[in-house]
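**Q** no sequence on this one, just coordinates:
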């Protein structure tokens, strides 16, 4: 039975030049998006940078990411961490509340939204990460969490 389900490489039609071009263009677009997100997040740290900065192990960083205490975005086999979420050697206060409000939103989309300026929280536009960085009062934080939750719908 197993042999009947196997597909020989010669049985699969090769991809056309147009398919190769479409795949290449999509990969370039993805790379540009990721580069843009890294710039918007100040830069991206790898796991080693974050462990040294926070003085914890790689396992602790992974657990913080899994518990939504810190945002890590998949990039191939690596998971870089946006610098904008880390201030003075620690994750932004209340970041967990925003990350939890995103629900199942993909981490790259979370990063895009967290680094997009919004209006109504101060005299000028600022990103949700910048708002967290200035340690907003509880009412402002509640409104920010509600905004993020509305994006996740």
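**A** Everything's here; your move. Computed from a prediction, not measured in an experiment: that's the story for all the values here.
**Q** List the contacts of residue 50.
**A** Shown in contact with residue 50 (CB atoms under 8 Å, 6 or more residues apart in numbering): 61, 70, 81, 86. From N, CA and C alone the C-beta is placed, and that goes for glycine too.
**Q** what mean pLDDT does the helix ranked longest in the chain have?
**A** Determined from DSSP state H, the single longest helix within the chain is helix 17-40. Mean pLDDT, helix 17-40: 84.
**Q** hang on, the earlier thing: if you look at the contacts of residue 50, which of them are in helices?
**A** Taking DSSP H as the definition of helices, the contacts of residue 50 contribute residue 61.
**Q** how about the strands of the protein, start to end?
**A** 44-45, 81-82, 86-87, 90-91 (DSSP state E).
**Q** and residue 118, which of those strands is closest to it?
**A** Between residue 118 and the strands of the chain, the tightest spacing by CB to CB is seen for strand 81-82, at 16.9 Å.
**Q** Can you list the helices and strands that that closest one packs against?
**A** Packed against strand 81-82, as judged by 3 or more CB pairs under 8 Å, 6 or more residues apart in numbering; DSSP states H and E, are the following elements: strand 44-45, helix 47-54.
**Q** Name the stretch among the ones you listed that sits most buried.
**A** Highest mean neighbour count among the helices and strands packed on strand 81-82 (mean count of other CB atoms under 10 Å): strand 44-45, with a mean of 21.
**Q** Now tell me what touches that one from outside.
**A** Applying CB under 8 Å, 6+ apart, the set of residues contacting strand 44-45 from outside is 38, 53, 73, 75, 80-83, 86.
**Q** How far off centre is the longest helix of the chain?
**A** Centre-to-centre, helix 17-40 and its host chain are 17 Å apart (CA atoms, centre = their mean, to the nearest Å).
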